[in-house]
Structures are given as structure tokens and as C-alpha cells.
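Q: The sequence isn't on hand, but the structure is:
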């Protein structure tokens, strides 16, 4: 069944690219349009990232394993799976810790207790465009693993910010190095060693 | 005069490292989405891998298109046929130019044309887009003669001599502007006299 489209009000002006809804984006994925590609939907625009370099892939695997271990029972970890933030945004985060079991989500989750993006050459995008999407989506704990600088950036406290694309940004920003540890907000007793996230 | 099968167009390689980039649709995927009903109620073209929505047509645009098509019908009688907002397959894109002059006879075609003797876009609210993005597309596809009817400015902008540019693609080397008192001969119909005033509302 054809998902509903984003209404385009009749207007004059320059031509513009057609925008997609989350449902259309997922439907296109089901049709195999993104086979072998890393596609995501940001503000109605389908964007594509290049293939992962080995350090990126290693960090992603280490991060996935560590987050799964840290959160343990009562949570499940989703890797590059849909996370629906509004009608037109699904960034398909590298790693997301979601409460409960997969079967608890017959439709895709709309929030996560922790989102981690592993950044290689996409660092700027992950700490600006994606960051604002996660802040506006109410993600309380957003981490970016910078594999090149070997740092972990932790973003917390999404707060209204008129300068941000969707009106929200993170009020708290920490930059941690390989010898630091950090506890996810939703697993405060844990101690995640930054070095264990890096390649 | 048949068109290449849509599946013959290769998909672009992966994007280079760095910023994510807009997903590049192939013609094949674009057609499939159309068949599935994704574009019902929308007027779209495929330009450089993106599905672009056309602006609603105002009356001046309708008049400009009709007058231009009629004038070019006369200018190319016997050498080509004129299409109006119909697909032209150019590289991996499928724009629907306001007016296009295609070589030969319409009856000999079995699919969308892949070359054009002349392409004309009528610019109501789209002058910027037509003189930049569209110009780049048509130059890269090797369209020798590309015109933009500037309705608001009441002039005709003519782009010719497409040449490759260093970063890939091509650009028109020559850009000429004509006013309502001028006349222009299309490159592919040099004996014809097309009065600019005859293209404008």
C-alpha cells in the first residue's frame, strides 16, 4: 500500500527536490532500492554515506559489543536500524540502545536511551546536522566516536535553541580521550572505557 | 530511434568519503517509483539523480510555452519535431523540458528521445534554476543549443558551445541575450528567423 506523501502546498518559486516521509523511505528500502547502500532520511531528504573504512567498521563492532554488554538485560541494541524521529527523519544510527525486546516494537522505535554514531570522515555532519536531528528527536544521550582524533564526544540535555535547525541543541557537551570512562545516562552504574570504543 | 533500456544505465559508484550526499536515483528506479504511484498528483523530473518537483504552471508560463512551441514547429518543419514537457533522456537524467526540438520524425521513435536539436525552458519563477542547474545538465549532455525564455525580463537567453570543465561535466561557453525586437536563428535551422517577441506573452 502506497504510504502517504508529504503534502506540498501549491506555491511558485524555484523547483525543489521532492521530500520523502519515513514510511515512503522504509517502503523504498523494502523494495530493495538501497541494497548494499547506507541510506538514511534527514528532513525528508534521502542521503547516502560512503562505505565504511576498516577503522570505522572496527569501532562500530567494538561499540556495538560494549553497549550491548553495558546495558544487559531489559534492553536490546539496534545496529544501523530505523529510529523514527518525526515524520521525515530516520537517521538509522550506527548503534542505539532501546528498552525492552525487539518484539516490543512491531513498528520501529521512536526513541532510544543512547545513540552512538561512529564517525570517520562524516564527523562534521554527525556533530551538526545529525546532532540537531537527535536533539530535536529528544534523544537524551548522544555519543559520537571520532575514530580519527580518537575521542568520544558526549552530548546531553537537549534544550530549545533558536539558532538550531529544528529549535533544539545539546546544552551539555563533553570531549573524552582514550583514558577516560563514561556512564550512559540510562546505565549510571556502568563504566564504559572510551578506549574500548576506538579501533 | 529507440531509447536504451533503463536498466542499462549503471548505478553511480559509492559516494566518496566525507559528507553524506543526496541519494542518486537511476532512471530505472525513477520509473519504478512512478509505476508504483509515488508521484501521483505531482509533476516531477529526474535531474542529476534527484526527483525534482516542478512549480505549478502560471498563465504566462502556459502562453510562453505554447508560443515557443508553435514558433519552433514552423522553424523546424521538415527537419525535426517539437515536444512539449515530455521526457528527454540525457545521461542519467530525465528532464521534461518545456519545449524540445527532436531530430527526424516523431513516427520513427520507439521511446523517449535521447538527443535534442534545441531545448527551451520557459522561466516564470525558475530563471535561476534554468540558467544554472539546467544549463549545466544540458551542456553536460551535449545539447548544442539551449534557450531560456525569461518571461519577467522579456528577453531570450541563448546558451551555446558546451565545453568540458575541469571538475567534470560541461558548461556553455557562449551566453547571448536577445530582446523583444531581436530575432534568432536556431543552430540546427539556420535559415529560420525566430522573433523573440513571438515567444513572449
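A: Nice, thanks for sending it over. Quick caveat, the model's predicted, so the values are computed rather than measured.

Q: contacts, neighbours, all on C-alpha from now
A: Noted.

Q: Please parse chain B into its domains.
A: Dividing chain B into domains by automatic domain parsing, as the record does, gives the ranges B:6-52, B:57-199.

Q: so of these, which one's packed in deepest?
A: Burial among those, expressed as mean neighbours by mean count of other C-alpha atoms under 10 Å in any protein chain shown, is greatest for domain B:57-199, which shows a mean of 18.

Q: How about that one and chain A, any contact?
A: Yes - against chain A, domain B:57-199 shows contacts by C-alpha under 8 Å from any C-alpha of the partner chain at B:125-129.

Q: Nearest residue to residue B:61 in space, please, no chain neighbours.
A: residue B:124 (5.9 Å; C-alpha to C-alpha, 6 or more residues apart in numbering or on different chains).

Q: With residue A:125 instead?
A: residue B:19 (6.2 Å).

Q: For the lengthiest helix in chain B, name the packing helices and strands.
A: In terms of residue count, the longest helix belonging to chain B (DSSP state H) is helix B:59-75. With contacts defined as 3 or more C-alpha pairs under 8 Å, 6 or more residues apart in numbering or on different chains; DSSP states H and E, the secondary structure elements packing on helix B:59-75 are strand B:80-84, strand B:99-103, strand B:118-123, strand B:194-195.

Q: Let me see the mean pLDDT of the second one.
A: For strand B:99-103, mean pLDDT rounds to 98.

Q: still on that earlier bit, the inter-axis angle of the longest helix of chain B versus strand B:118-123?
A: In terms of direction (axes from the mean of the first three to the mean of the last three C-alpha atoms, to 10 degrees), helix B:59-75 departs from strand B:118-123 by 160 degrees.

Q: Just name whatever secondary elements the lengthiest helix in chain A is in contact with.
A: Criterion DSSP H: the longest helix present in chain A is helix A:54-71. Contact here means 3+ C-alpha pairs under 8 Å, 6+ apart; on that basis helix A:54-71 packs against strand A:75-79, strand A:95-99, strand A:114-119.

Q: And the residue nearest to residue B:61, how close does it get to residue B:150?
A: Here the criterion is C-alpha to C-alpha, to the nearest Å. By it, residue B:124 lies 7 Å from residue B:150.

Q: Please apply the same query to residue A:29.
A: On the measure of C-alpha to C-alpha, residue A:29 and residue B:150 end up 41 Å apart.

Q: OK, contacts around the most centrally placed residue in chain A?
A: When chain A is reduced to its mean C-alpha position, the closest residue under C-alpha atoms, centre = their mean turns out to be residue A:93, at 3.1 Å. In this structure, residue A:93 makes contact with A:79-83, A:115-117, judged by C-alpha atoms under 8 Å, 6 or more residues apart in numbering or on different chains.

Q: between those, which is closest to chain B?
A: The shortest approach to chain B among the contacts of residue A:93 belongs to residue A:117, at 13.5 Å (C-alpha to the nearest C-alpha).

Q: That closest one and residue A:95 touch, don't they?
A: Yes - Residue A:117 is in contact with residue A:95 according to C-alpha atoms under 8 Å; the separation is 6.6 Å.

Q: By mean pLDDT, flag the weakest helix or strand of chain A.
A: Sorted by mean pLDDT, DSSP states H and E, the helices and strands of chain A end with strand A:16-17, the least confident at a mean of 90.

Q: packing partners for that one?
A: Taking 3+ C-alpha pairs under 8 Å, 6+ apart as contact, the helices and strands that strand A:16-17 lies on are strand B:50-53.

Q: try 10 Å this time
A: Using 3 or more C-alpha pairs under 10 Å, 6 or more residues apart in numbering or on different chains; DSSP states H and E as the contact criterion, the elements in contact with strand A:16-17 are strand B:44-47, strand B:50-53.

Q: Looking at those, which is nearest to residue A:168?
A: Using C-alpha to C-alpha as the criterion, the shortest distance between residue A:168 and the helices and strands packed on strand A:16-17 is 28.7 Å, found for strand B:50-53.

Q: Show me what the closest one is packed up against.
A: Using 3+ C-alpha pairs under 10 Å, 6+ apart as the contact criterion, the neighbours of strand B:50-53 among helices and strands are strand A:16-17, strand B:44-47.
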